[in-house]
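A.B. asks: I would like the atomic coordinates for the input below:
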Amino acid sequence: MIEVCNLSVTFQAKGREVRAVEDVSLSVAKGESFGLVGESGSGKSTILRAICGLAPVTAGEISIGGQKVPTPRGRAFAARVQMVFQDPYASIHPRHTIDRTLSEPLALHGIGDTDARVMQALADVGLPTGFRFRYPHQLSGGQRQRVAIARALMLEPEVLLLDEPTSALDASVQAETLNLLSRLRETRGLTFLMVSHDLAVIDHMCDRVLVMQIGRSVEEMSRDDLAAARMQTAYARSLFDASADRMLG
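C.D. replies: Residues are numbered from 1 along each chain as shown. Okay, here's the model as predicted:
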């Protein structure tokens, strides 16, 4: 479903060249959940942004469902691929009601039956229908992220790109949001490409994981390899040890 081949992303920042991603390849099967993990600055979020057209692809190819993605991405791409961003406080317009936030993708794509679709979307993410005409400031962080997930699902995409979808939430809310995403993936047959710095989250959510370091891919592991701590590289081992220390702490 997702094919990234020899992807490189280079930025110009303060007069110098920054190689955010260098020669990274990955493949995600339909219905699979694939994780990208690494420290801040490892390039994992840049890969998601490159897929969406929010970061410049300087080399390599990206395909969705066997079709090379166009530049610019366009409506057909948006109908297949949606992204859930890290911060629900920033990703939802503060002066738009939840109804407008969820209706807007439908209006842009000329899709009718808005009322029924908005009500169903709220139900799908476990929010009461009474939330429909509230504003974001009237919702908790976890509720806002549920709205962001609902918005991403309005066009019934096949692929969700998840950029640290729980890291801005309280610990008590993180598990609820991850369980919601797992349920939606199962019921809708979604394909996930998920970024996290937390190996415990990746272990819970993903079938396979690619470890990133300074823009390059270091090691790919299955969930079984991760659970059994079967790392082949010292860097992957250090990430695992740091994650285990945090959980113990």
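A.B. asks: residues making contact with stretch 25-35?
C.D. replies: Contacts to stretch 25-35, defined as Cβ atoms under 8 Å, 6 or more residues apart in numbering, come from residues 1-7, 36, 47, 60, 158, 185, 189-196, 202, 205-210, 217, 220. Quick note: C-beta positions are derived from backbone N, CA and C, even for glycine.
A.B. asks: filter the residues you listed to the buried ones?
C.D. replies: 1-4, 7, 36, 47, 60, 158, 185, 190-196, 202, 205-206, 208-210, 217, 220 (16 or more other Cβ atoms under 10 Å).
A.B. asks: Look through the chain and tell me its longest helix.
C.D. replies: helix 171-188 (DSSP state H).
A.B. asks: And that helix, what does it pack against?
C.D. replies: Counting contacts by 3 or more Cβ pairs under 8 Å, 6 or more residues apart in numbering; DSSP states H and E, helix 171-188 is packed against helix 141-153, strand 159-163, helix 199-205.
A.B. asks: Strand partners (parallel or antiparallel) of the second one?
C.D. replies: Strands adjacent to strand 159-163 in the sheet, as given by DSSP bridges, are strand 81-84 (parallel), strand 191-196 (parallel).
A.B. asks: okay if I get those as a markdown table plus distance to residue 118 and mean pLDDT?
C.D. replies: Listed next are these as a markdown table, based on distance: least, Cβ to Cβ, whole Å; pLDDT from 0 to 100:
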| stretch | distance to residue 118 | mean pLDDT |
| --- | --- | --- |
| strand 81-84 | 16 | 97 |
| strand 191-196 | 24 | 96 |
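A.B. asks: how close does the most centrally placed residue in the chain sit to residue 85?
C.D. replies: Nearest to the mean C-alpha position of the chain, counting by Cα atoms, centre = their mean, stands residue 162 at 0.9 Å. For residue 162, the distance to residue 85 (Cβ to Cβ, to the nearest Å) stands at 9 Å.
A.B. asks: where do the contact lists of these two overlap?
C.D. replies: With Cβ under 8 Å, 6+ apart as the test, residue 162 and residue 85 reach no residue in common.
A.B. asks: Just the CA coordinates for the longest helix of the chain, please, in CSV.
C.D. replies: Presented in CSV, the C-alpha positions along helix 171-188 are these (Å, rounded to 0.1, in the frame of the first residue of the first chain):
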residue,chain,number,x,y,z
ALA,A,171,-0.6,9.4,30.1
SER,A,172,-4.1,8.4,31.2
VAL,A,173,-5.5,9.4,27.8
GLN,A,174,-2.8,8.0,25.7
ALA,A,175,-3.9,4.4,26.0
GLU,A,176,-7.5,5.3,25.2
THR,A,177,-6.4,7.0,22.0
LEU,A,178,-4.1,4.2,20.9
ASN,A,179,-6.9,1.6,21.6
LEU,A,180,-9.3,3.8,19.5
LEU,A,181,-6.8,3.8,16.6
SER,A,182,-6.3,0.1,16.8
ARG,A,183,-10.1,-0.5,16.7
LEU,A,184,-10.5,1.9,13.8
ARG,A,185,-7.7,0.1,11.9
GLU,A,186,-9.4,-3.2,12.4
THR,A,187,-12.9,-2.2,11.5
ARG,A,188,-12.0,-0.1,8.5
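A.B. asks: Good, we can wrap up now.
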